[in-house]
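[1] The following block contains a protein sequence and its predicted model.
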Amino acid sequence: MFTVDEACLVVIDVQGKLATIVDNSEEVIQNVSKLVQAMQALDVPILWLEQNPSRLGGTALDIAQHMQGQAIAKMDFSACREQVFIDAVKASGRTKFILTGIETHICVYQTARQLKEQGFEVEVVVDAVSSRTKLNKEIGLSKMQALGILPTSTEMILYELLQRADHEHFKTVLKLVK
């Protein structure tokens, strides 16, 4: 079970034109935005990544407008090969990572795999990840699940973090998911 004291959200490469052409892009962007807003309310850290932003562009505005600080720019497909990301993971003090972003079968998969290999618990938010094709998303999710990286959904992970209907931020989260 993920808790607000152990969890960290990782937003991977939801940027530029690619963010608008992946399968089910509107729902993915909307769900990542909900997750970001909810994590901020719950005081769960967020690590925000952009793949080669000078070429691919910045994070989708619907998400970026809710982010604080700067994105971690990367060239490697796995964020775990970027020292700035590794330093941010260590600085977070967190042991459980919730992954969102694009593309499922490339950057999300490689980052999830390497976080898992480093001993962290990792879940992927199925309705907040995508690839250009549905098949590639499914393959990426399948390979992650084979590694013990479990699927979750936007609502499921948020209610898991809340744990109780009398949580002080329940109404804030409820407004985001409804």
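    The structure has been received and is ready for your questions. Keep in mind that this is a model prediction, so the values were computed, not measured. Numbers count the residues shown, from 1 in each chain.
[2] avg pLDDT for the top strand by length along the chain?
    With secondary structure taken from DSSP state E, the chain has its longest strand at strand 121-130. For strand 121-130, mean pLDDT is 98.
[3] That strand pairs with which strands, parallel or anti?
    Strand 121-130 has its sheet partners listed here by DSSP bridges as strand 96-102 (parallel), strand 150-152 (parallel).
[4] Residues in contact with that strand: which ones?
    Applying C-beta atoms under 8 Å, 6 or more residues apart in numbering, the external contacts of strand 121-130 come out as 2, 22-25, 27-28, 31-32, 35, 95-104, 108, 112, 115-116, 137, 140-141, 144, 149-154, 157. Glycine gets a C-beta too; all of them are placed from N, C-alpha and C.
[5] the longest helix in the chain is where?
    Longest helix of the chain, by residue count under DSSP state H: helix 25-42.
[6] list the buried ones in that helix?
    Within helix 25-42, the residues that qualify as buried are 25, 28-42, counting by 16 or more other C-beta atoms under 10 Å.
[7] Now the element after that helix, going C-ward?
    strand 46-51 (DSSP states H and E).
[8] shouldn't residue 139 be in contact with residue 106?
    No - assessed by C-beta atoms under 8 Å, residue 139 is found out of contact with residue 106, at 10.6 Å.
[9] Could you look up the SS state of the residue lying closest to residue 21 once chain neighbours are set aside?
    Nearest in space to residue 21, with sequence neighbours left out and distances taken as C-beta to C-beta, 6 or more residues apart in numbering, is residue 132 at 6.4 Å. Counting by DSSP: H, G, I helix; E, B strand; the rest coil, the backbone at residue 132 sits in coil.
[10] And residue 132, how far from residue 140?
    11 Å (C-beta to C-beta, to the nearest Å).
[11] distance between stretch 86-99 and the chain's centre?
    Computed by C-alpha atoms, centre = their mean, to the nearest Å, the separation of stretch 86-99 from the middle of its chain amounts to 12 Å.
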